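Asker: Let's see this in three dimensions:
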Amino acid sequence: MSWTKKVKSAKGMVNLGDMVEAIILQVDPENRRISLGMKQVTPNPWMEVAEKYQPGQIVTGTVRNITEFGAFVELEEGIDGLIHVSDFSWTKKIKHPGEVVKKGDSVTAKVLSLDPLNQRMSLGVKQMEPNVWEIFFDSHHVGDTIVGKIARLTDFGAFVDLGDGIEGLVHVSELSRKRVEEIQKEFSVAQELTMKIVKLDPTEHRIGLSVKQFEQDQERGELEAAKNLQPFKKATLADAFQKAERED
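Answerer: Next comes the predicted model:
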């Protein structure tokens, strides 16, 4: 009965005695049945969607419905795009779309993919901005020194805010050269740490950090510097005579 409306009951579309226009879809003489279609009288709007919208295009629509896995955004009458819950933010862990949008909100997003035959369109909000994870992994390497502030503490370590919503983990065994007995007492939220990057996992978005390794590297550097310093030797009167004799 309709290309775009989800018709649960014919009563919502027609009434007894209504005159309707339809196309014959199938004739079954044996069972004396004729199948008709009302929506086939008009072009399938989803076929036009493929021409009107392209992946990468920026669109604006209204949130029509919210589910556990995403929000459906109406771009025009009968044409919805889905923003999956994972496509709202690069860094925030959003468990339900209702945390960021509500029904009736106006949303601007990027078209990610189109499937007119199955009447599906995928949209993304986070894709409106550069991928901060890609930028971080492109500009940082294992062994680099980095500074951040503790965002939260757990029994197994500290999650450190590295900026732009990116966090790295300092395992409790890497927080200090000394053994950490009570992490909650020895460290605090917002405390600044200087660390070495010891692990980078772009696929899982994981960053391993170590304060201990930074301190050890710093100590080794100080020892090397001390070795390179030659003690100043005072010249004596005997040294002066020996030098004079050599010159003669």
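
Asker: Surely G104 touches G61?
Answerer: No. Using C-beta atoms under 8 Å as the test, G104 is too far from G61 to be in contact (11.3 Å). (C-beta placed from N, C-alpha, C; glycine too.)

Asker: out of these two, which sits in the busier spot?
Answerer: Between G104 and G61, G61 has the larger neighbour count (other C-beta atoms under 10 Å), namely 20 against 8.

Asker: Report whether the more buried one is found in a helix, as I expect.
Answerer: No. G61 is assigned strand when assessed by DSSP: H, G, I helix; E, B strand; the rest coil, not a helix.

Asker: That one contacts I83, doesn't it?
Answerer: No. If you go by C-beta under 8 Å, G61 and I83 don't touch, sitting 9.7 Å apart.

Asker: what touches both of these two?
Answerer: Counting by C-beta atoms under 8 Å, 6 or more residues apart in numbering, the shared contacts of G61 and I83 are 73, 107, 109.

Asker: Mark which of those residues are buried, thanks.
Answerer: 73, 107, 109 (16 or more other C-beta atoms under 10 Å).

Asker: Run a quick neighbour tally on M19.
Answerer: 5.

Asker: Kindly report the same for V170.
Answerer: With other C-beta under 10 Å as criterion, V170 counts 24.

Asker: In terms of helices and strands, where is it?
Answerer: strand 166-171 (DSSP states H and E).

Asker: got a list of contacts for that strand?
Answerer: Here strand 166-171 has contacts from 91, 132-133, 136, 146, 148, 151, 156-162, 193, 195, 197, 206-211, using C-beta under 8 Å, 6+ apart.

Asker: What remains of those residues if I keep only buried residues?
Answerer: Neighbour-count burial (16+ other C-beta under 10 Å) applied to these gives 132-133, 136, 146, 148, 157-162, 193, 195, 197, 207-211.

Asker: Quick one: low-confidence residue ranges for this protein.
Answerer: 3-5, 7, 222, 225-226, 228-248 (pLDDT under 70).

Asker: Quick check: buried residues in stretch 125-136?
Answerer: Buried residues in stretch 125-136 (16+ other C-beta under 10 Å): 125-127, 132-133, 136.

Asker: Thanks again, I'm all set now.
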